[in-house]
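A.B. asks: coordinates only, sequence not included:
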Ligand SMILES: Nc1ncnc2c1ncn2[C@@H]1O[C@H](COP(=O)(O)OP(=O)(O)OP(=O)(O)O)[C@@H](O)[C@H]1O
């Protein structure tokens, strides 16, 4: 008969698989075990000669005593021998098993009952290295520690199928984005476009304790992987090695107004009617026309065709569009009649640089304006050029980061250009990096398009439920782990890695100082190796 009293020597022998089914394991482990949610367990089935892996998703105290109140009676501790019949009952979700060739397979079978279980050790994670990509973001986490020899890296080809970064405020989203960007600056896997309205990514910001909190410009070794377009003054632009940001009227199209203003049905119709008009012609037309009651009869400007198309619309609707255009041109100093950075931004992205659009102190409307204008321009150009028509993974892939993405990807009120990019961007080598603390406010059809989920702490239950139901790998059993994530910890689910990985994201300031983040010098390395 097999029982839970230790018949073998050594603690490991007390870890036994006792149930439950192919999708959910139960194991009994000593009640003193130091084990945490998210820990990896190794299940060694000596009969089938297979090693299974499982992740701890729940735990509770349990015992073999028939008396349901044994543990609440007075003096319990004197009468019961805790070591033998009292144990921790773990719930674990199977991740898969390693076959004879060392390939990781889906868990289609169940380990033999009473197979031995042990917490994974450093060498158990070695096989994961084969699945990791070049964009390093952290280390595999097990229990409360990390596995130093198991870095977590994302694959570039997964990311152009969109990435989501989900975090309640303060859980380490900015730190994650900086670590991710630094790895992109070093390895140059694709062009990464980020709009930085607070200078946070450019130069960092003081931490809550006033400590150092650097930005991407502090990662000097890979500075050539960063291109900055900025609205700062000339001196600061020189100091940061940036270029002046300039968007020309002709870069603009009427549809770029949608994400920044609310429009009535009539105003939307106006924008649709002149959808093909160049930016400068639209701005000139609306700027020079007053839209009084009988404006069309007295129109003496140069754009008769535009005037004819708009003559049926009510003057108040036309005046409202005019006011919005005035606000746009007045509030965005970088928006000018001539001079455009768009060509330089495109070419930096195609050279796989991280492109930072630095607009400190500007309003949310400016951020959304630039983001939507650039997304539309890149998407349309590639569509018209037949990008990728005869190549599966053409060069020049681009990832566009959208902070607080619920502003532009909410259900029903999402703006066409970002929606289009989420649905079709992949065909044109353009992926979205959707960053939000409210995934429940993102259109579920868009979440369903995202293939890489980086989940930092999410305190809201409905946000977690939304994530769990949309991710490609089932994250439902990991709800307990996600709920208890600490700042800087993440669960990462991505296509190339066979199961969701528990990860500790590197701290950015320490990460950029690592020897591995410094430039390798082939001549010096060669000399070192040969002498
Ligand atoms: N992986 C990590 N390792 C060490 N420290 C971290 C890590 N992640 C975040 N921190 C620290 O926690 C603090 C908050 O992190 P961060 O600014 O990235 O949070 P956030 O989610 O972006 O917050 P907010 O939404 O307010 O911008 C910072 O001081 C940061 O240095």
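C.D. replies: Thanks, I have it. Predicted model only: the values in this text are computed from it and were never measured.

A.B. asks: wait, a strand at residue 141?
C.D. replies: Yes. Assignment of residue 141 by DSSP: H, G, I helix; E, B strand; the rest coil places it within a strand.

A.B. asks: tell me how far it lies from residue 407.
C.D. replies: According to C-beta to C-beta, to the nearest Å, residue 141 stands 31 Å off from residue 407. (Each C-beta comes from the backbone N, C-alpha and C, glycine too.)

A.B. asks: those two: which has the busier surroundings?
C.D. replies: Taking residue 141 and residue 407 together and counting by other C-beta atoms under 10 Å, residue 141 has the greater number of neighbours (27 against 20).

A.B. asks: show me what contacts that one?
C.D. replies: Residues near residue 141 by C-beta atoms under 8 Å, 6 or more residues apart in numbering: 38, 147, 489, 502-504.

A.B. asks: looking at the residues you listed, spot the one nearest residue 284.
C.D. replies: Using C-beta to C-beta, residue 503 is the member of the contacts of residue 141 that lies nearest residue 284, at 52.7 Å.

A.B. asks: dump the residue contacts of that closest one.
C.D. replies: With C-beta under 8 Å, 6+ apart, residue 503 has these contacts: 137-141, 152, 489-492.

A.B. asks: against residue 90, how distant is it?
C.D. replies: Counting by C-beta to C-beta, the gap from residue 503 to residue 90 is 21 Å.

A.B. asks: surely residue 181 is within a strand?
C.D. replies: No. Counting by three-state DSSP, residue 181 is not found in a strand; it is helix.

A.B. asks: residue 301 reaches residue 307, doesn't it?
C.D. replies: Yes. Contact status for residue 301 versus residue 307: in contact at 7.0 Å, counting by C-beta atoms under 8 Å.

A.B. asks: mutual contacts of these two, please.
C.D. replies: Listed contacts common to residue 301 and residue 307 are 285, 289; contacts here mean C-beta under 8 Å, 6+ apart.

A.B. asks: the two: who's more crowded?
C.D. replies: residue 307 (16 against 11).

A.B. asks: near the ligand, which residues of the protein?
C.D. replies: Neighbours of the ligand within the chain, by C-beta under 6 Å from any ligand atom: 167, 169-175, 207-208, 213, 487-488, 505, 507.

A.B. asks: would you write a PyMOL line that selects the buried entries of the residues you listed?
C.D. replies: Remark: buried members of the residues of the chain next to the ligand, expressed as a PyMOL selection using 16 or more other C-beta atoms under 10 Å:
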select buried, resi 167+171+172+173+174+175+213+488+505
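
A.B. asks: now, which of the residues of the chain next to the ligand lie within helices?
C.D. replies: Those of the residues of the chain next to the ligand mapping onto helices are 173-175, per DSSP state H.

A.B. asks: okay if I get those residues as a markdown table plus distance to residue 119 and pLDDT?
C.D. replies: Output for these, formatted as a markdown table (distance: C-beta to C-beta, whole Å; pLDDT from 0 to 100):
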| residue | distance to residue 119 | pLDDT |
| --- | --- | --- |
| 173 | 30 | 94 |
| 174 | 33 | 94 |
| 175 | 28 | 95 |
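
A.B. asks: let me know the closest of those to residue 160.
C.D. replies: residue 173 (21.0 Å).

A.B. asks: residues touching the residue lying closest to that closest one once chain neighbours are set aside, list them.
C.D. replies: Sequence neighbours aside, residue 167 is the residue nearest to residue 173 in space, at 4.0 Å (criterion: C-beta to C-beta, 6 or more residues apart in numbering). By C-beta under 8 Å, 6+ apart, the contact set of residue 167 is 173, 176, 435, 437, 455-458.

A.B. asks: most surrounded residue in these?
C.D. replies: Most neighbours among the contacts of residue 167, by other C-beta under 10 Å: residue 455, with 28 neighbours.

A.B. asks: returning to what we had before: export the contacts of residue 503 to JSON lines and tack on distance to residue 250 and pLDDT?
C.D. replies: Converted to JSON lines, these look like this (distance: C-beta to C-beta, whole Å; pLDDT from 0 to 100):
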{"residue": "137", "distance to residue 250": "39", "pLDDT": "97"}
{"residue": "138", "distance to residue 250": "43", "pLDDT": "97"}
{"residue": "139", "distance to residue 250": "48", "pLDDT": "96"}
{"residue": "140", "distance to residue 250": "50", "pLDDT": "94"}
{"residue": "141", "distance to residue 250": "50", "pLDDT": "90"}
{"residue": "152", "distance to residue 250": "44", "pLDDT": "96"}
{"residue": "489", "distance to residue 250": "47", "pLDDT": "95"}
{"residue": "490", "distance to residue 250": "42", "pLDDT": "96"}
{"residue": "491", "distance to residue 250": "45", "pLDDT": "95"}
{"residue": "492", "distance to residue 250": "42", "pLDDT": "96"}
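
A.B. asks: picking that back up, restricted to strands, list the residues of the chain next to the ligand.
C.D. replies: Of the positions in these, residue 505 sit in strands, assigned by DSSP state E.

A.B. asks: wait, which of the residues of the chain next to the ligand is closest to residue 382?
C.D. replies: Using C-beta to C-beta, residue 173 comes nearest to residue 382 of the residues of the chain next to the ligand, at 28.7 Å.

A.B. asks: show me what contacts that closest one?
C.D. replies: Residue 173 makes contact with 165, 167, 435, 437, 456, according to C-beta under 8 Å, 6+ apart.

A.B. asks: between these, which is closest to the ligand?
C.D. replies: residue 167 (5.1 Å; C-beta to the nearest ligand atom).

A.B. asks: what count of nearby residues applies to the closest residue to residue 344 other than its chain neighbours?
C.D. replies: The shortest distance from residue 344 to any non-neighbouring residue, by C-beta to C-beta, 6+ apart, is to residue 243 (6.3 Å). Applying other C-beta under 10 Å, we find 15 residues neighbouring residue 243.

A.B. asks: my understanding was that residue 243 contacts residue 226; is that so?
C.D. replies: No. The pair residue 243 / residue 226 is not scored as a contact, 11.7 Å apart, by C-beta under 8 Å.

A.B. asks: okay, now the domains of this protein?
C.D. replies: Using automatic domain parsing, the domain ranges for the chain come out as 11-126, 159-245+341-451, 250-331.
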